[in-house]
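# sequence and predicted model, in that order:
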Amino acid sequence: MKIVVIIVLLAIIVLMGQALTRLIRGASQGLLYALTWRIGLSIALFLFLILAGFMGWIRPNV
C-alpha cells in the first residue's frame with residue numbers, strides 16, 4: 001500500500017518537473033499534457049486513499 005502511494009507521489013513530482021521545463025522552453029502542448037496527467041494522478045490518488053480508508057486497508061493514526 002505504501003509503495004503504491006510513494007510511486008504515485010513520485011510520478012506527480014516528475015510530471016511537475018516536466019511541466020516546469022516545458023514552461024521554460026515554451027512548449028505549451030507538452031505543458032498541458034504534463035499538467036493534465038498530474039491533476040489526474042492527484043485526483044486518482046485522493047480517491048484511492050478515501051476508498052482504502054472505507055475498505056479498512058489503511059487506518060488513521062489516532
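That came through fine.

# from here on, just use CA atoms for contacts and neighbour counts.
Will do.

# just checking, what packs against the longest helix along the chain?
If you go by DSSP state H, the chain has its longest helix at helix 28-55. The contact analysis (3 or more CA pairs under 8 Å, 6 or more residues apart in numbering; DSSP states H and E) places helix 28-55 against helix 2-25.

# follow-up on the earlier one: quick one: average pLDDT of the longest helix of the chain?
Averaging pLDDT along helix 28-55 gives 93.

# what is the neighbour count of residue 36?
14 (other CA atoms under 10 Å).

# how close does it sit to residue 13?
Computed with CA to CA, to the nearest Å, the distance linking residue 36 and residue 13 is 13 Å.

# can I have stretch 14-33 written out in PDB, keeping just the CAs?
Output in PDB follows, covering the C-alpha atoms of stretch 14-33 (Å, rounded to 0.1, in the frame of the first residue of the first chain):
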ATOM      1  CA  VAL A  14       8.300  14.100 -12.000                       C
ATOM      2  CA  LEU A  15       5.300  15.500 -14.000                       C
ATOM      3  CA  MET A  16       5.600  18.800 -12.200                       C
ATOM      4  CA  GLY A  17       9.300  18.900 -13.200                       C
ATOM      5  CA  GLN A  18       8.400  18.200 -16.800                       C
ATOM      6  CA  ALA A  19       5.800  20.900 -16.800                       C
ATOM      7  CA  LEU A  20       8.400  23.400 -15.400                       C
ATOM      8  CA  THR A  21      10.900  22.600 -18.100                       C
ATOM      9  CA  ARG A  22       8.300  22.800 -20.800                       C
ATOM     10  CA  LEU A  23       7.100  26.100 -19.400                       C
ATOM     11  CA  ILE A  24      10.600  27.500 -19.600                       C
ATOM     12  CA  ARG A  25      11.100  26.200 -23.200                       C
ATOM     13  CA  GLY A  26       7.700  27.500 -24.300                       C
ATOM     14  CA  ALA A  27       6.200  24.100 -25.400                       C
ATOM     15  CA  SER A  28       2.600  24.800 -24.500                       C
ATOM     16  CA  GLN A  29       1.200  21.500 -25.700                       C
ATOM     17  CA  GLY A  30       3.700  19.500 -23.600                       C
ATOM     18  CA  LEU A  31       3.000  21.700 -20.700                       C
ATOM     19  CA  LEU A  32      -0.700  21.000 -21.000                       C
ATOM     20  CA  TYR A  33      -0.100  17.200 -21.300                       C
END
